[in-house]
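> let's see this in three dimensions:
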Amino acid sequence: MEYSRIISVTGLGGLFELVGSKADGAIVRSLEDKTTRFVSSRVHSFSHLESIEVYTIRENVNLVEVLQAMSASKETVPSEKDAAAVKAYFQKVYPDMDFDRVYGSDMKKMVKWFTILNGNNVEFKLSEAPEETEEEVAVEEVAAPAAEEAKPAKAPKAKKAAAPATEAAEGDEAAAPKKRAPRKKKTEEE
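Next up is the predicted model:
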């Protein structure tokens, strides 16, 4: 199971694997009881674990860094029900966390998620975007201006005139189109 397919759903406890998506929701499989179900996006919001960040005293870090620190730690994971033990655990495992801005409920959630992910043997790593080599970037930079030069210029769209511009009315000095007066709004009396 890939870490990139794991999501959290508002209003539903636990974590879910994203099986498929539809226009009005997603098909998810619970990591706890392995049931599959449809979840409407009208009622629930989805958060990929890859997109979740944690406040630290320096810059925000991705949740995966905290989970990796928890995995590497020799400390025993406390019960998510004991708030004081959870805070003491994170002070030992990830001391850079900003404890003023990270709520106790968030720390409890991280402990619960860590337990669920460990139980499903999920590897804590972000999906990697394919990195471009320097040669590919240089080729793209050279090819982009050439591609723009090869595109034909689009002619501006012609505006519709009230009267043909080529025909001048008798007695008019210029061959410009005539302007129409604005339409009057109909009233109830008419």
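> ok, now how distant is residue 63 from residue 3?
If you measure residue 63 against residue 3 using Cβ to Cβ, to the nearest Å, the figure is 10 Å. Where you see a C-beta, it was placed from the backbone N, CA and C, and this is true even at glycine.
> my error: substitute residue 121 in the last question.
If you measure residue 121 against residue 3 using Cβ to Cβ, the figure is 11 Å.
> which of the two has more neighbours?
Neighbours of residue 121 and residue 3, each counted by other Cβ atoms under 10 Å, are more numerous for residue 3; the result is 18 against 7.
> list the contacts for the residue lying closest to residue 1 once chain neighbours are set aside?
With Cβ to Cβ, 6 or more residues apart in numbering as the criterion, residue 1 has its nearest non-adjacent residue at 5.3 Å, and that residue is residue 122. Under the criterion of Cβ atoms under 8 Å, 6 or more residues apart in numbering, the neighbours of residue 122 are 1-3, 6.
> so the residue lying closest to residue 22 once chain neighbours are set aside: helix, strand or coil?
Once flanking residues are discounted, residue 22 sits nearest to residue 38: 7.6 Å by Cβ to Cβ, 6+ apart. On the three-state scheme (DSSP: H, G, I helix; E, B strand; the rest coil), residue 38 is labelled strand.
> and residue 38, how many neighbours?
Neighbours of residue 38 (other Cβ under 10 Å): 12.
> against residue 107, how distant is it?
For residue 38, the distance to residue 107 under the criterion Cβ to Cβ works out to 31 Å.
> and if you look at residue 60?
As judged by Cβ to Cβ, residue 60 and residue 107 stand 16 Å apart.
> again with residue 51
With distances defined as Cβ to Cβ, the gap from residue 51 to residue 107 amounts to 19 Å.
> more neighbours, these two?
Looking at residue 51 and residue 107 with other Cβ under 10 Å, you find the greater number of neighbours at residue 107, namely 22 against 11.
> I'd guess that one is in a helix, am I close?
Yes. Inclusion of residue 107 in a helix is indicated when three-state DSSP is applied.
> I'd say it and residue 86 touch.
Yes. In this structure, residue 107 is within contact of residue 86 by Cβ atoms under 8 Å, at 4.8 Å.
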